[in-house]
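**Student:** Fold the following, please.
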Amino acid sequence: MHSIHNEVPALWRTEADFGSHFPWLILGHVVMAFFLTLLYARFVPAGGAGAGAMLGILVALVYIGNDLITFAVQPLTTKILGGWVVGGLIMFAIAGAIIGAIYKPEATRTFS
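**Tutor:** Residues are numbered from 1 along each chain as shown. You can find the predicted model right below:
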């Protein structure tokens, strides 16, 4: 996507400026992963990678709405929009599947 983003350079930080803001990019991904995991733990009781991938796709669809709004108000190219849409679907589906494969809910205790 680097070359596609370079088609509208006025919208993005310079390479040097981006480098100084890179920790914010990492923090953003950590925040998204944390809350996707919380959503999974709360709303996917059956568990599993497939259910996690489905949750990830649903979250990605929410983000696609935001991408469309951004496209409407900023002079982005359709290539950038398409990359964000496809990339978001892939990223969140994979993240959800990984969460589903790793996360094991605590066994429910029953008291006699």
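
**Student:** What distance do you get for Ala16 to Phe22?
**Tutor:** Noted for Ala16: a distance of 11 Å to Phe22, by CB to CB, to the nearest Å. Yep, even glycine has a C-beta here, placed from its N, CA and C like the rest.

**Student:** Could you list the low-confidence segments of the protein?
**Tutor:** Scanning the chain with the threshold set as pLDDT under 70 gives 107-112.

**Student:** Tell me where the longest helix sits in it.
**Tutor:** Ranked by number of residues, the top helix in the chain under DSSP state H is helix 15-43.

**Student:** Go through that helix and flag the buried ones.
**Tutor:** The neighbour-count check on helix 15-43 (16 or more other CB atoms under 10 Å) flags 36-37, 39-40 as buried.

**Student:** by contact count, what packs against it?
**Tutor:** helix 49-73, helix 78-102 (3 or more CB pairs under 8 Å, 6 or more residues apart in numbering; DSSP states H and E).

**Student:** List of residues touching the last one?
**Tutor:** By CB atoms under 8 Å, 6 or more residues apart in numbering, the list of residues contacting helix 78-102 from outside reads 1, 4-5, 7-8, 32-33, 36-37, 40, 44, 47-57, 59-61, 63-64, 67-68, 71.

**Student:** What of the first one?
**Tutor:** Under the contact criterion CB under 8 Å, 6+ apart, helix 49-73 has outside partners 36, 39-40, 43-44, 76, 78, 80-81, 84-85, 88-89, 91-101, 103.

**Student:** Whichever of those end up buried, select them in ChimeraX.
**Tutor:** In ChimeraX, the members of these classed as buried (16+ other CB under 10 Å) are selected with the following command:
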select :36,39,40,44,76,80,81,84,85,88,89,91,92,93,95,96,97,98,99,100
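
**Student:** how close does the residue sitting nearest the centre point of the chain get to Phe22?
**Tutor:** Nearest to the mean C-alpha position of the chain, by CA atoms, centre = their mean, lies Phe92 at 4.7 Å. For Phe92, the distance to Phe22 equals 21 Å [CB to CB].

**Student:** for Ile90, same thing?
**Tutor:** Spatial separation of Ile90 from Phe22 under the definition CB to CB is 22 Å.
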